[in-house]
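[1] can you look at this prediction? I've put the sequence above it.
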Amino acid sequence: MVFSEKDCGKNIEVVSLRLGNGWSGRVVLSDTQGRKFSRADWIKCLSQPHLLFENVEKILKTEGRNCVAVKNLTMGDNRLKVVIKRHYPEAGLRQFFRSFQSGRALRNFNTTLKLLRCGIPVAASFAALHKRRNLLTEQSIYITEYLENSPDLYTFVSKQLPARQAKQFAICRKASLAGKKQMCHQLAAILAMLHKNGLWHRDSKATNFIVCKNIAGKYKILLVDVDGIKPYFPLRGSRRFRSLWQLAASLFSVSAINRTDYFRTFTTYSNLTGLEHSQRRRIFRELSDRAKAKHLHSAPKNILIIKPSSLGDIVLALPALTALRKSFPEAKISWLIRPEFAPLLKNHPHLTETILFDRKFLGKAWFHPRALASLLLLIRRLRRGKFDAVIDLQGLFRTASLAWLSGCKKRLGMADARELAHIFYTHKVAQYRDCIHLVDYYLKIIRATGASETRVQSPGWLTPFLLPTDPAAVDSVNRLLTAQGIEPNSYAVFVPTSAHGDKCWPLERFAVLADKISSQFHFSIIATGAVSENSAVERLRNLANVPVANFAGATSLSELVALLKAARLVVSNDTGPGHIAAALGVPVVLIFGRSNPARVAPYGRQHCVAAVEPDGRGFDADSADPKHDIKAVTLDEVYQKVCEQLR
């Protein structure tokens, strides 16, 4: 890992534009990379600014009407991949007076040009537009370069840097250490150059920088968020080191960065700015204390997860809970859950409390006085919780509205949530190809809270799907097995039913599979399900030629966990007990029909999936294609998966 040191160039040509409907701005005709653009090309490209956010490649961030997106622009012979930022002035007296100034886009454009001319490495600007009416700025659009495969500094040091170090041995580790030194030097150099030019960054943090590769393949750090760049005057002395300790505070939760890296950055900054050696030790201690205090203040101390159902989805959300606990060990973490699923989280070491949400009863609130009273009590409890962050992993109107009614100012959820739920979120997280699986998507949402320990496959994540086992439930299951004449360590569990009929593999095939497993592996066969599914399990018993114990409705949720944990094999439809078995790590085969296995399959265990085209269905949760019908999964395919699990 090698970082480059070359400074930016200064040959930049800029021209002003006037468009229709009150739009005007400035554009670049030539940039530091030697690219040339004409005024006519810009006028053609920007003639309708309100259409710039149509046909974007992806949306990076949304906040109210403000939006940040990636788009391809054609400029004559040049095809540019750019980031487009749209900003509307906020309401309020202060913002009213600021609206008389140039729009934020134009201010950032001018700041970027100033930084480039000072030799400070910054992502290049292409254009800035603002729309004015009666001297007031109504809207502004800022267009800057998009650097492919260039993560922000926080992502780089928390994900890519540890991954690189983990793969390297002695000699390569030295190269990696040299790369960290260069990274510290570059950060210090950027902040020192700002200082020498009478500037400082009032909101310096790791996400304001990106790490990209130049033509020579060397890593280089660029400043991308220039909105916080301000002149020193008149408080030069008090703001000289503020950018340093704010940057350090934003990286405090990253284990790959240690005190030596902070001290190295401070020493380089001190050398470049001429700080006297006699003052350095005292100032470094002061900056360290400030950084720690800011980190503790900014880290959420009271978090609410909203994921009331279903059983399988709750299981898939468990790594998100673990990520929160590992990232914020001192935080209070609550979980809003339906009463029937609450035993799954009982005594969970990463959870502080569960808050019960009886959806069926509370749904009667509009005509049932007691239900209305219970709903008001629930809202009162949520508001008294004073949560710093509410994370809605359900993505429905009722859960998102509860997040809003909690009074929390930081509400996170899915950008494409159903039932207009996204209107209640302050932070909307989009789903892309790198997070098709729900576990990855939930972890991406968790990262928006500031969580850094979200790498499920890292050595420290020994049990991301942590499910507590109740000793009393274990004893109860052992008594139940003994009563049925089943040896505790020699049985397979079938889950032949589901709440959705089109997710059920034919019972006739389960019966033949029971015969094969019993004769080949000498396992006793247990079929489980809900009380309402007892008749289906009885039908399976009658179809099979070997004894099948009917446990439908015979176990509580805690006992079901204990039963599945001790099983030698679990064969299940895409339903809650199957996902519990997968989370427990037992040999399991999950049979999928219309459900997309790429989203909900056992995480990191693709060999446990029996389905048609398990990896070729894109983002859709369900498929209407007849070839994905669960009946298309053959008996031989499932039995082959069973044999692979038991080898």
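    Happy to help now that I have it. Values in this document were obtained by computation on a predicted structure and should not be read as measured data.
[2] where does the stretch 101-250 of the chain dip in pLDDT?
    Within the stretch 101-250 of the chain, the stretches with pLDDT under 70 are 101, 160-178, 234-238.
[3] ok but residue 26 is inside a strand, no?
    Yes - according to DSSP: H, G, I helix; E, B strand; the rest coil, residue 26 belongs to a strand.
[4] residue 70 versus that one, what's the distance?
    According to C-beta to C-beta, to the nearest Å, residue 26 and residue 70 sit 22 Å apart. Where C-beta positions appear, they are placed from N, C-alpha and C, glycine not excepted.
[5] the more surrounded of those two?
    residue 26 (20 against 15; other C-beta atoms under 10 Å).
[6] okay, and the helix or strand of the chain with the least pLDDT?
    Lowest on mean pLDDT, DSSP states H and E among the helices and strands of the chain sits helix 161-167, with a mean of 49.
[7] next one, pLDDT for the residue nearest the centre of the chain please.
    The centre of the chain sits closest to residue 444, judged by C-alpha atoms, centre = their mean, with a distance of 0.8 Å. On pLDDT, residue 444 comes in at 89.
[8] neighbours around the nearest residue to residue 74 once chain neighbours are set aside, how many?
    Distances taken as C-beta to C-beta, 6 or more residues apart in numbering place residue 45 nearest to residue 74, at 7.3 Å, with adjacent residues excluded. If you count neighbours by other C-beta under 10 Å, residue 45 ends up with 20.
[9] distance of residue 45 from residue 29?
    13 Å.
[10] again with residue 72
    Applying C-beta to C-beta, the value for residue 72 to residue 29 is 20 Å.
[11] what's the answer for residue 13, then?
    For residue 13 relative to residue 29 (C-beta to C-beta), the value is 4 Å.
[12] now residue 602
    55 Å.
[13] okay, the two: which has more neighbours?
    residue 602 (22 against 15).
[14] regarding the more buried one, what is its secondary structure?
    Residue 602 ends up coil, using three-state DSSP.
[15] for it, which non-adjacent residue is closest in space?
    In space, and not counting its chain neighbours, residue 602 is closest to residue 582: 3.6 Å by C-beta to C-beta, 6+ apart.
[16] go ahead and confirm the one you found touches residue 607.
    No - look at residue 582 against residue 607 with C-beta atoms under 8 Å: they stay out of range, at 11.5 Å.
[17] can you give me the domain boundaries for this structure?
    Using automatic domain parsing, the domain parsing of the chain gives 13-145, 153-298, 302-447, 471-646.
[18] the residue nearest to the centre of the chain belongs to a helix?
    Yes - with three-state DSSP as the criterion, residue 444 is located in a helix.
[19] that one reaches residue 433, doesn't it?
    No - the pair residue 444 / residue 433 is not scored as a contact, 11.9 Å apart, by C-beta under 8 Å.
[20] which neighbours do the two share?
    Among the neighbours of residue 444, none is also in contact with residue 433 (C-beta atoms under 8 Å, 6 or more residues apart in numbering).
[21] that older thread, contact partners for the residue nearest to residue 602?
    315, 465, 588, 590, 602, 603, 605, 608.
[22] gap between it and residue 483?
    In this view, residue 582 and residue 483 are 28 Å apart by C-beta to C-beta.
[23] once you drop chain neighbours, what's closest to the residue nearest to the centre of the chain?
    residue 435 (4.9 Å).
[24] ok, residue 320 next?
    residue 442 (4.2 Å).
[25] and stretch 220-228, C-alpha only, in CSV?
    Provided in CSV are the C-alpha atoms of stretch 220-228 (Å, rounded to 0.1, in the frame of the first residue of the first chain):
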residue,chain,number,x,y,z
LYS,A,220,-3.8,9.5,-2.4
ILE,A,221,-6.0,11.3,0.0
LEU,A,222,-8.3,14.0,-1.3
LEU,A,223,-10.6,16.5,0.5
VAL,A,224,-14.1,16.2,-0.8
ASP,A,225,-16.3,18.2,1.6
VAL,A,226,-15.3,21.8,1.4
ASP,A,227,-18.5,23.3,2.9
GLY,A,228,-16.8,23.5,6.3
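[26] who's in contact with that stretch?
    3-4, 6, 104, 107-108, 111-112, 115, 120-123, 144, 147, 150, 152-153, 183, 186-187, 190, 201-204, 207-214.
[27] take the residues you listed and keep only those in helices.
    Using DSSP state H, the members of the contacts of stretch 220-228 that fall in helices are 104, 107, 108, 111, 112, 115, 153, 183, 186, 187, 190.
[28] for the first one, what are its contacts?
    Counting by C-beta under 8 Å, 6+ apart, residue 104 makes contact with 87, 140, 142, 227.
[29] and the residue lying closest to the second one once chain neighbours are set aside, what does it touch?
    Counting by C-beta to C-beta, 6+ apart, residue 140 lies nearest to residue 103, which is 2.9 Å off, once chain neighbours are set aside. Contacts here follow C-beta under 8 Å, 6+ apart; on that basis residue 103 touches 87, 128, 129, 130, 131, 132, 137, 139, 140.
[30] which SS state does residue 642 fall under?
    helix.
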